[in-house]
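I'd like to go over a predicted model; first the sequence, then the structure.
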Amino acid sequence: MIRQDLASRWYKAIFARHSVRAYDGSSVPDGMRNEIDLLLDGFSPMCEGARAVLLEGGSSEILAGFLGAFGRIRGADLVLVLIGDTSYPNYEVAVGFLGEGIILHATSLGLGTCWVSGTYSRKAVEVRVELRDGEKVMAVSPIGFAAGHSAEAHLAEASLAARQEQEVRGKAMEASTGLHKRKPLKSLVRGLAIEDWPPGYPEMLEAARLAPSAVNRQPWRFTVESDRIVVSAARFELLPMAARRLDCGISMLHLEVAADANGVQGEWEFLGNPPAVAEYVSRRRDL
Ligand SMILES: Cc1cc2nc3c(=O)[nH]c(=O)nc-3n(C[C@H](O)[C@H](O)[C@H](O)COP(=O)(O)O)c2cc1C
């Protein structure tokens, strides 16, 4: 369970977050940095096997050396480094879960972020972060203020995000894509027909659908039963299983945030039969 105040903030941030690759170079105020610092060692048992470090400086060496499909990432004040401890069997999922919680928190503070697992210099990270035995760097994210992001642009985005949140309630299967290019829910979900989904499940699945993933592959599938949602990695993907599991962890964070923000109570259980990853088992709610 994620703390209620965080869950409500992060739920809104799900609809507003998008990858930001150009930053204005300004500093992130100490108050915001301190809030992010509090999350680095985790905020739920699902983060076990992952930790994060927030680096000041070094973003140009870490991020600017590559020209990816989207161009260079420039001008970020901070770099979030996401580290997995390979002695934990579910460390990739934990990294996705932890990283996305921190990213949604940064989004809720008005900061830009972008998951980066390909286009960064691992060497430039490793000279700045001391890794313990069994640990490896899995991804990074720039954190800072988006370039050319006027107050009006921010407001317009927030109101589009609010509209999307509203739409989720009525039209789960066909919800509009708005800020996000995503597969429709009907191609991701199996199991119970939508009319039979328990309260809260449409919001949870829509939030899971909107999660970011490497090259936007969205390699997650959901099976809905009367009291649970099983999350599995897509079977046929060029991405390695470790990358798919990390993406599933990101989507699982969205799913749980939506559960917590919509009054659904439940717990995660990891599953040992790949490509199944974990299931969220919900208790009946007495609202
Ligand atoms: C695990 C992961 C790794 C990613 N790696 C990169 C990367 O190396 N370079 C990049 O420019 N974007 C990267 N992205 C960003 C995705 O391209 C982006 O999240 C996706 O296209 C969806 O767009 P959105 O984040 O704006 O919703 C990554 C995203 C995730 C979740």
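Thanks, I have the structure now.

lowest-confidence helix or strand of this structure?
Using mean pLDDT, DSSP states H and E, the weakest-scoring helix or strand in the chain turns out to be helix 151-170, at a mean of 64.

ok, the helix or strand following that helix: who's next to it in the sheet?
Downstream of helix 151-170, the first helix or strand assigned by DSSP states H and E is strand 189-191. Sheet pairing of strand 189-191 (DSSP bridges) gives strand 220-224 (parallel).

in the partner strand, what's buried?
Across strand 220-224, burial judged by 16 or more other CB atoms under 10 Å covers W220, R221, F222, V224. C-beta coordinates here come from the backbone N, C-alpha and C atoms, glycine included.

Wait, the third one touches R190, no?
Yes - A contact is recorded between F222 and R190 when judged using CB atoms under 8 Å, the distance being 7.4 Å.

any idea how far A242 lies from I83?
To I83, A242 is 14 Å away according to CB to CB, to the nearest Å.

and what of V224?
33 Å.

and if you look at S226?
S226 is 38 Å from I83, where distance means CB to CB.

Of these two, give the one with the bigger neighbour count.
Using other CB atoms under 10 Å as the criterion, S226 and I83 rank with I83 on top: 24 against 11.

Show the pLDDT at that one.
With respect to pLDDT, I83 scores 98.

Just grab the bridge partners of it for me.
Applying DSSP bridges, one finds that I83 bridges with R51, V137.

Correct me if wrong: it contacts L98.
No - counting by CB under 8 Å, L98 is not a contact partner of I83; they are 9.4 Å apart.

overlap in contacts of these two?
Among the neighbours of I83, those also in contact with L98 (CB atoms under 8 Å, 6 or more residues apart in numbering) are A50, R51, A52.

Which of the residues you listed ranks first by neighbour count?
Of all the shared contacts of I83 and L98, the most densely surrounded is A50 (28 neighbours; neighbours counted as other CB under 10 Å).

Next up, the contacts around that one.
G42, L82, I83, G84, D85, Y91, A94, V95, F97, L98, G99.

In strands, which of those fall?
Applying DSSP state E to the contacts of A50, the entries found in strands are L82, I83, G84, D85.

ok, now which ones touch the second one?
Read that as I83. I83 neighbours (CB under 8 Å, 6+ apart): A50, R51, A52, V53, V95, V129, L131, E135, K136, V137, M138.

Which single one of the contacts of A50 is nearest to the ligand?
Closest approach to the ligand among the contacts of A50 (CB to the nearest ligand atom): G99, at 8.0 Å.

quick one: contacts for that closest one?
A50, A52, L80, L82, W115, A139, S141, G249, I250.

switch the cut-off to 7 Å
Residues in contact with G99, defined by CB atoms under 7 Å, 6 or more residues apart in numbering, are A52, L82, W115, A139.

Among the contacts of I83, filter down to the buried ones and hand me the ChimeraX syntax, if you would.
Buried residues among those (16+ other CB under 10 Å), as a ChimeraX selection:
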select :50,51,52,53,95,135,137,138
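
Any chance of a markdown table for the contacts of I83, columns pLDDT and distance to the ligand?
Below are those laid out as a markdown table (pLDDT from 0 to 100; distance: CB to the nearest ligand atom, whole Å):
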| residue | pLDDT | distance to the ligand |
| --- | --- | --- |
| A50 | 98 | 13 |
| R51 | 98 | 17 |
| A52 | 98 | 14 |
| V53 | 98 | 17 |
| V95 | 98 | 9 |
| V129 | 98 | 18 |
| L131 | 98 | 19 |
| E135 | 98 | 18 |
| K136 | 97 | 14 |
| V137 | 98 | 12 |
| M138 | 98 | 8 |
